[in-house]
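> return atomic coordinates for the entry below.
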Amino acid sequence: MAPAQESKIEKPDISLQDSLTEMETFLANKHIEFNSMSKQFALKPSIHFDLSQERVLLVQKQISEVNKQILAATKDRSINVYAADQNNENILIKQTLLRKNGINSIKFYWNYDRIKLSGSTVRNTGNGLTLGGHLDSL
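Sure thing, here's the model as predicted:
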C-alpha cells in the first residue's frame, strides 16, 4: 500500500498594499457590517459568492487592520470615534468628555478612515502635523 500523501494548501501572500478594484469594493460592501455591540466590523460568509478566496482574504485583512485602529482610537480621550454602518450612517463608538473649541473626530469605514480636526488643533499643531499611515502615528 502506498503511503498517504500530505495535502498542502498554501495561502496566497497578501499584503495591505494589494488593493481591491472599484467593483470588488462595491461587491464587498454588501457583505460587511458593523457590530455595535463589539464595536468592530465583521464579514458575512456570503462574500464567498461574490469574490474569490484571495480577494476575501484581502478584505478580511483590511477589516482586521481597521478593527485594530478602532481599538487604538478609543483609547485617545481627545477625539470622538465613529463608524459607518452599511447605510453610511454614523454609529458613535466613543465620545470625548473634553470640552474645547471645535471637535476632533475620526470616522471608520471598513476600508478607510475620515479624520476631522478642529481649527484650534490645526493652529496649535502648526507644521508638525502629518496625516497618513496608521492611527498610532498621530
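
> and the nearest residue to Lys30 once chain neighbours are set aside, what is it in contact with?
Among residues not flanking Lys30 along the chain, Asp50 sits closest, at 7.3 Å (Cβ to Cβ, 6 or more residues apart in numbering). For every residue, glycine as well, the C-beta is placed using N, CA and C. Asp50 makes contact with 27-28, 30-31, according to Cβ atoms under 8 Å, 6 or more residues apart in numbering.

> out of the residues you listed, which sit inside strands?
Using DSSP state E, no member of the contacts of Asp50 sits in strands.

> which of the residues you listed are buried?
With neighbours counted using 16 or more other Cβ atoms under 10 Å, the contacts of Asp50 contain these buried positions: 27-28, 31.

> from those residues, pick the one nearest Asn124.
Ala28 (38.1 Å; Cβ to Cβ).

> in which helix or strand does the residue nearest to that closest one when sequence neighbours are not counted reside?
Of all residues not flanking Ala28 in the chain, Val59 sits nearest, at 5.0 Å (Cβ to Cβ, 6+ apart). If you go by DSSP states H and E, Val59 is part of helix 53-73.

> now the helices for this protein?
22-29, 53-73, 119-125 (DSSP state H).

> what's the closest of those helices to Leu97?
Ranking those by distance to Leu97, with Cβ to Cβ as the measure, places helix 53-73 first at 15.3 Å.

> ok, now how distant is the residue nearest to Lys30 from Ile93?
Asp50 sits 28 Å away from Ile93, going by Cβ to Cβ, to the nearest Å.

> doesn't Ile47 make contact with the residue nearest to Ala28?
Yes. Taking contacts as Cβ atoms under 8 Å, Val59 lies within contact range of Ile47: 6.7 Å.

> who touches both of those two?
Residues within reach of Val59 and of Ile47 at once, by Cβ under 8 Å, 6+ apart, are 28, 32.

> okay, now the unreliable bits of this structure?
1-17, 98-102, 126-138 (pLDDT under 70).

> for Thr121, which non-adjacent residue is closest in space?
Thr121 sits nearest to Asn104 (Cβ to Cβ, 6+ apart), 5.5 Å away.
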